[in-house]
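S.K.: predicted model and sequence below, questions to follow.
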Amino acid sequence: MPVINAVDPKNRMAEKENIIIVESPAKAKTIERILGKDFKVKSSFGHIRDLSKKKLGIHIEKNFEPDYIVPEEKKKVVSELKKAVSDAKTVWLASDEDREGEAIAWHLSEVLKLDPEKTKRIVFHEITQQAILRAVEQPREINISLVNAQQARRVLDRLVGFELSPVLWKKVKPALSAGRVQSVAVRLLVEREREILFFKPDTYFRVTAIFYFDRDNEKYSLKAELSRRMKTKKEVTEFLNFCMKTGFFVENLATKPVKRTPPPPFTTSTLQQEANRKLGYGVSYTMSLAQRLYEAGHITYMRTDSVNLSELALNTARTQIKNMFGDAYTKTRKYRTKSKGAQEAHEAIRPTYLNKDTVSASKAEKKLYELIWKRTLASQMEDARLEKTTVTITPKGSPETFTASGEIIVFDGFLKLYQASSDEDTTEAAPGFLPPVEKGQELLYKEIRATERFTQPPPRYSEAALVKRMEELGIGRPSTYAPTISTIQQRGYVAREDRPGELRNIAELILKGTRIDEKSKTESFGKERGKLIPTNIGIVVNDFLVKHFEDIINYNFTATVEKQFDEIAQGTLNWTEMIRRFYTGFHPKVEETIRDTDKQTGERILGKDPESGEEVIVKIGRYGPVVQIGRPGNDKKPRYASLRTGQLMETLSLEEALALFRLPRNIGEFEGHEIIVAIGRYGPYVRHNGKFYSIPVNTDDPYTLTLERALEIIVEKREAEKKKIIHAFDDGIKVLQGRWGPYITFEKKNYKIPKGLKAETLTCEECKKIIKENPPTSRKTKKS
DNA sequence: CAGTGAGCGAGCTTCCGCTTGACTT
């Protein structure tokens, strides 16, 4: 068979006769290594052709005929591929086995004008000689129905994106965007934010007790919690008074075996979540680390929705686990993907060589690798077996019960290697050992404590949590999760932010001996770190889209069209018919919305200004959210004040709005210049003689800051600046101590001190020379 | 970086999914 000869490295005639084209250059390299140098393997670097970037690129009047072009940055790849293909006898199109991969193969055959006679479509799921040879033995033709499903997907996304975005430019603000995926992501965040903002917490009391007993001259104590939450302080007080007068005994003691099962191997989404929880990485950071590990050959492909492991991986995992922990710890498990819309073109994310427990790479890459290694092996390990004991303790003569539970590990199984984590707040310590209590045994209380608790709103989304939710809804793909999150931030719809949290008072009743003490203590709540929070613009855009295009912004829209794409892929639905049906419903709504709606400013009337009696409103103005007192007209000019970062139009009160007008304040004069207090982009500040002095946020309030305190801040800052000066030469050249070490500054430009020179001993002449010969260190550019 | 809030209007912005650089700090 010529095919087999072709991949036989011994057959010199095979040279250049066969070319395999794959999507990724790293994959191409690996395959080339496996098949030997005689075989040519090229990469397409993903799609080589797409709709025009600027124009719609769809001839709607010609039955939605797409107008494909080779983008500028892909021309080099295409011309190289053309050259490589020109003298090949057979071209093997080996792009991924999914919708996009099939389309890539089709575009390649079109653009490279491949002869169907000498073109073969193959797919393989693992990169081993055996798998590739097997694939080569089973070539097929390009599946045009699958390609059509991709074209439908592409055209639909373009129509939605390029018709909705201009509506936003006209009705909200230029350069905004909307799309099937990003707009739903923003909707998730806006709706979650509203749930939190309008959450009305309920209070209840959590009652815990510490019991004690003696046995064989040993003292034991046991912490237990009341099975029922109590609603009111009255109820709690009555209960504690009852407890004071009664005794306690162990009513029941039950032990049952439980088992824990390891989590499946990583997909893109679960890797992003786990790297976020365990290592604190953002999704794009995780992906760039994974990319580097992949390119270095340490892990398999990192953009995947599959939890499947190859036979090879299963076998090496078993050996590896056996070597490390023994046979009892192995358990071969095959996982099936259950997430919506998964296309399974790749394996799960796993180490290429499971016997390598670490790799030489950067610290962060190493950590990520080790996480992947542990997770992969753990997925092939035995369940952990535990024994869970629950003790029920009853106050005599009461229907209430306390319970205490403990867990002991009988067999650790996969827990030897991997601790699963979850998004839920686990403030409770893991249950551990229980002291040796017996059924019927009498217990005494050391203390019984009732602490007021508040019900919690749902948590805000982290980047990784949003990815998880999107995956559940089938929205977006492994290759787009990270970019989508960047896009919605770039558009200003959401921001990654911290929230300091607030304090609140909680009541606590403590029964000790025969006394009930009532205390009040404070707890902080609502503290958030690095969460995605919608902005005012994000909220206004979302509400507008939900109002006029609910069917597209709907959480089920993607699932619905995916069903139709599947029918197209099956050959039972014509793709242009599907698009036509969609477009005839969609397009008129776009036109109608442009015609019938006003500019969306999200205006809210907050009330009347007590001083002027004018109306106070908040809205999105030319430069962003602004409070306005009065309406323009009749020679009257409204007064304006910008909202501060983090203030939401939706929840802004009249008081908060009016407070914005109390700044900037002129609080006096110093050295012949006035002192102004205001709040800027970077927080509250004092301005004096063109210089800015930050006001410490925790200790001072800009609204009440006194002249004396302002002077202190100015003097302090001056002293600190003085300390920074290492040298101050005559002609304005200074050597300063900066955050990252000493540097030279001259005419508002900074210069690095070359290696080998000491800042303390620098002379004026040396500095001049450095300035002359070196470029200034560039300051951060505003846009990026 | 620390403000702005008149009005006109030319020319621009934008989608989702495949893939990596080639650039900075």
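M.R.: Great, that's in hand.
S.K.: would you list every one of the strands in the stretch 501-650 of chain A?
M.R.: For the stretch 501-650 of chain A, the strands defined by DSSP state E, counting those that start in this stretch cover A:502-512, A:515-525, A:528-534, A:604-608, A:615-621, A:624-629, A:639-642.
S.K.: so which of the ones you listed is nearest A:Gly36?
M.R.: Closest to A:Gly36 of the strands of the stretch 501-650 of chain A, according to C-beta to C-beta: strand A:528-534, at 48.1 Å. Quick note: C-beta positions are derived from backbone N, CA and C, even for glycine.
S.K.: could you dump the strands of the stretch 501-650 of chain A to JSON lines with mean neighbour count, mean pLDDT and distance to DNA strand B?
M.R.: Below are these laid out as JSON lines (neighbours: other C-beta atoms under 10 Å; pLDDT from 0 to 100; distance: least, C-beta to the nearest atom of the strand, whole Å):
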{"stretch": "strand A:502-512", "mean neighbour count": "15", "mean pLDDT": "96", "distance to DNA strand B": "25"}
{"stretch": "strand A:515-525", "mean neighbour count": "11", "mean pLDDT": "95", "distance to DNA strand B": "27"}
{"stretch": "strand A:528-534", "mean neighbour count": "20", "mean pLDDT": "95", "distance to DNA strand B": "16"}
{"stretch": "strand A:604-608", "mean neighbour count": "14", "mean pLDDT": "95", "distance to DNA strand B": "16"}
{"stretch": "strand A:615-621", "mean neighbour count": "20", "mean pLDDT": "94", "distance to DNA strand B": "3"}
{"stretch": "strand A:624-629", "mean neighbour count": "20", "mean pLDDT": "94", "distance to DNA strand B": "4"}
{"stretch": "strand A:639-642", "mean neighbour count": "15", "mean pLDDT": "91", "distance to DNA strand B": "4"}
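S.K.: so for A:Ala254, which of these sits nearest?
M.R.: Of all the strands of the stretch 501-650 of chain A, strand A:502-512 sits nearest to A:Ala254, with 27.1 Å by C-beta to C-beta.
S.K.: which elements pack onto that closest one?
M.R.: Under the contact criterion of 3 or more C-beta pairs under 8 Å, 6 or more residues apart in numbering; DSSP states H and E, strand A:502-512 touches helix A:233-245, strand A:442-454, strand A:515-525.
S.K.: touching the first one from outside, list them.
M.R.: Translated: helix A:233-245. For helix A:233-245, the surrounding residues in contact (C-beta atoms under 8 Å, 6 or more residues apart in numbering) are A:205, A:207, A:230, A:395, A:398, A:400, A:445, A:448, A:450, A:507, A:509, A:511, A:514, A:516.
S.K.: all strands for the stretch 151-300 of chain A, in order.
M.R.: Going by DSSP E, counting those that start in this stretch, the stretch 151-300 of chain A shows strands at A:203-215, A:218-226, A:248-260.
S.K.: so what does the last one touch, helix or strand wise?
M.R.: Going back to what we said before, that points to strand A:248-260. Judged by 3+ C-beta pairs under 8 Å, 6+ apart, strand A:248-260 is in contact with strand A:384-395, strand A:402-411, strand A:442-454.
S.K.: centre of the chain to that strand, how far?
M.R.: 40 Å (C-alpha atoms, centre = their mean, to the nearest Å).
S.K.: what angle sits between that strand and strand A:203-215?
M.R.: 100 degrees (axes from the mean of the first three to the mean of the last three C-alpha atoms, to 10 degrees).
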